[in-house]
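Undergrad: Let me see the structure of the following:
(one chain, ligands or ions: 1)
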Amino acid sequence: MRILFASSEAYSLVKTGGLADVSASLPAALRRRRQDVRLVLPGYPEACRNLVDATPRPGPDNAPWQLLEGRLPGTRVPVYLIDWPEYFQRAGNPYSASNGMDWPDNAQRFAGFARAIVALARDEAGLDWTPELIHLNDWQTGLVPLLLDPERTGIERPRTVFTIHNLAYQGLFPASTLQELNLPADLWHPEALEFHDQLSFMKAALVFADAITTVSPTYAREIQEPASGMGLDGVLRARAADLHGILNGVDYRDWDPARDRHIAARYSADDLAGKAANKAALQTRLGLEPDPDIPLLGHVGRMVEQKGVDLLHAACTPLLEAGRIQLALVGSGQKDLEHATGALARAYPGRVGVHIGYDEPLAHQIEAGADLFLMPSRFEPCGLNQLYSLRYGTPPVVHATGGLADTVVDATPDHLDAGTATGFSFSPDSVAALGGALERALGLYAARGDGRWEQLMRTGMARDFGWNASADAYLALYREQLPRRSRRAKAASAL
Ligand code: ADP
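TA: Got it, this is the predicted structure:
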């Protein structure tokens, strides 16, 4: 199948978050399934620099952009960068200037990106290639389904699949943007582009895409409810029949304790001996008291309200006070949460080890060296860290929400007896509920002579969250779109 995969980020061309990981590893997995998948991204400076075998090509006649064609590093996936200097050749982040403020012309920049994607889809750049399907990701590509809408263009067009990676970022702009972008005035109503008197790029995709996906089955259900729908639950309920939850995969080439180059000792389910050496190394690195027996709890993540770091602090404080646990944390984000985390480390020297910042090797060392991994996220579309911790034999303690609910099997007595348990989950997202889950976890750890703890570790390590199953699910969804396309395209051309 000919698939154009459109995203604003792809590792290792340009990355600000999890979107980049998915936009690299999913196309690579589809390529391994012999699909003709090609990526299109804005030509940000770092993307242009990192592109392999970069070759300039002309854009469509009179277009203000040209193409930079090449390959995604470490793969055979072809990439087209939209080389539009006025919009994308800027220092700073893809979305904001170095002072942290959003670029004031983001609506124009990503409307421009969407129009360039449409031009590629119609082969206006003379590539001799047109996609049968376009897979769009997040609001930056949100206008594409609208621009390709057959009821407006009356011409045959590729099918569109739109993936929500985080509903919290919607691409909202002032009402006047509608005219500035020459978008159809008749679409200015709440069933189309208007969101509380603002123009919503995300909504354009949710209304006009042929199919919608998000990154876990539970999050797909949750976002149809007012509590988690961020104002878009009504639109999502209206599209319920076309909304699918497909879990993200893990790239086990990077995240496997049997071959991880960042950790002190390698280990696997067959030989767990190295885990103790990683615990000792982590205690040394973070200035924790050397102690092989005290439960060491780890956390890695952006320090924002979503991730529940405040719940973690409150639930762990009495356990630290009682000398029952150690804590190892790495993360950065909101200043208030960073300061509170630093204060906890100062209050319990030798028991709390913290690094404020982004540190990829330390993230691996915490996954490998901790006994338990804490992920009390208030909401979590998919979550990757709990998937890593399962593979590292570090049972996760999670709030039963979104992708966390879909990937962790709670250590209830029944699940323990059946040998299916992989971690500990709690609900609601309260300090008391997290505290209760921690007590259960510490109880099982203290009784580890009975073998149940090791079974919990091994069951988690054996779970496979690689891309195979998810890439197959995307491919099946793509295929479902195509026959309907012929029918609708025929109907459209008959109009
Ligand atoms: P989200 O995408 O919401 O940030 P995920 O759990 O899906 O959460 O993915 C986060 C990714 O970023 C993981 O690979 C995690 O290890 C990494 N990460 C987050 N914060 C840090 C940090 N401070 N240092 C190193 N890696 C981090």
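
Undergrad: could you give the mean pLDDT of the strand or helix carrying A473?
TA: Element membership for A473, per DSSP states H and E: helix 467-494. The average pLDDT for helix 467-494 rounds to 76.

Undergrad: dump the residue contacts of the residue of the chain found nearest the ligand.
TA: At 3.2 Å from the ligand, G18 is the closest residue in the chain, using CB to the nearest ligand atom. From N, CA and C alone the C-beta is placed, and that goes for glycine too. Applying CB atoms under 8 Å, 6 or more residues apart in numbering, we find G18 in contact with H165, N248, C382, L384.

Undergrad: looking at it, the first one is touching L19, isn't it?
TA: Translated: H165. Yes - under the criterion of CB atoms under 8 Å, H165 makes contact with L19 at 4.9 Å.

Undergrad: which stretches of the chain aren't confidently modelled?
TA: 150-155, 483-495 (pLDDT under 70).

Undergrad: Name the residue closest to the centre of it, please.
TA: In the chain, the centroid-proximal residue (CA atoms, centre = their mean) is G18; its distance is 3.6 Å.

Undergrad: So A264 is in contact with K279, correct?
TA: No - with contact defined as CB under 8 Å, A264 does not count as touching K279 (9.1 Å).

Undergrad: and for the two, which residues touch both?
TA: G369.

Undergrad: Compare those two and say which is more crowded by neighbours.
TA: Per other CB atoms under 10 Å, whichever of A264 and K279 has more neighbours is K279, with 27 against 17.

Undergrad: outside of stretch 167-182, which residues touch it?
TA: Contacts of stretch 167-182 (CB under 8 Å, 6+ apart): 106-108, 110-111, 138-140, 142-143, 185, 187-188, 193-195, 197-203, 214, 223, 228-230, 232, 306, 381.

Undergrad: cool, and stretch 78-90?
TA: 10, 13, 38-45, 47-48, 51, 54, 56, 64-72, 97, 103, 105, 108-109, 112-113, 116-117, 120, 127.

Undergrad: Stretch 40-57 too?
TA: Contacts of stretch 40-57 (CB under 8 Å, 6+ apart): 4-10, 12-14, 65-73, 79-84, 87-91, 94, 109, 113, 116-117, 120, 125, 127, 140.

Undergrad: run the last query once more with 7 Å
TA: 4, 6-8, 10, 12-14, 66-71, 73, 79-84, 88-89, 94, 113, 117, 120, 125 (CB atoms under 7 Å, 6 or more residues apart in numbering).

Undergrad: Would you show me how to pick out the buried ones of those in PyMOL?
TA: Restricted to buried positions by 16 or more other CB atoms under 10 Å, the PyMOL selection for the contacts of stretch 40-57 reads:
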select buried, resi 4+6+7+8+10+13+14+66+67+68+69+70+79+80+81+82+83+84+88+94+113+117+120+125
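
Undergrad: which of the contacts of stretch 40-57 are close to the ligand?
TA: Near the ligand, judged by CB under 6 Å from any ligand atom, there are no entries from the contacts of stretch 40-57.

Undergrad: which stretches of the stretch 201-350 of the chain form strands?
TA: 211-214, 243-245, 296-303, 326-333 (DSSP state E, counting those that start in this stretch).

Undergrad: now those strands as CSV including distance to V431 and mean neighbour count?
TA: Shown next, in CSV, are the strands of the stretch 201-350 of the chain (distance: least, CB to CB, whole Å; neighbours: other CB atoms under 10 Å):
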stretch, distance to V431, mean neighbour count
strand 211-214, 29, 23
strand 243-245, 29, 20
strand 296-303, 15, 24
strand 326-333, 15, 23
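
Undergrad: coming back round to it: so what sits against both of H165 and L19?
TA: Common neighbours of H165 and L19, using CB under 7 Å, 6+ apart, are N137, D138.

Undergrad: Tell me the helix or strand right after the helix or strand containing E46.
TA: For E46, the host element (DSSP H and E) is helix 45-50. From helix 45-50 onward toward the C-terminus, using DSSP H and E, the following helix or strand is strand 52-57.

Undergrad: Give me the buried positions along that following strand.
TA: Applying 16+ other CB under 10 Å to strand 52-57 flags A54 as buried.

Undergrad: ok, the helix or strand following it: who's next to it in the sheet?
TA: Beyond strand 52-57 on the C-terminal side, the first helix or strand identified by DSSP H and E is strand 66-71. Looking at strand 66-71 with DSSP bridges, its partner strands are strand 52-57 (antiparallel), strand 78-83 (antiparallel).

Undergrad: Turn these into CSV, columns for distance to I356.
TA: Output for the strands paired with strand 66-71, formatted as CSV (distance: least, CB to CB, whole Å):
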stretch, distance to I356
strand 52-57, 34
strand 78-83, 34
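
Undergrad: Can you give me the first-to-last residue distance of stretch 327-341?
TA: 11 Å (CA to CA, to the nearest Å).

Undergrad: Can you tell me what sits against it?
TA: 282, 286, 288, 296-304, 309-310, 313, 316, 320, 351-359, 362-363, 366, 370.
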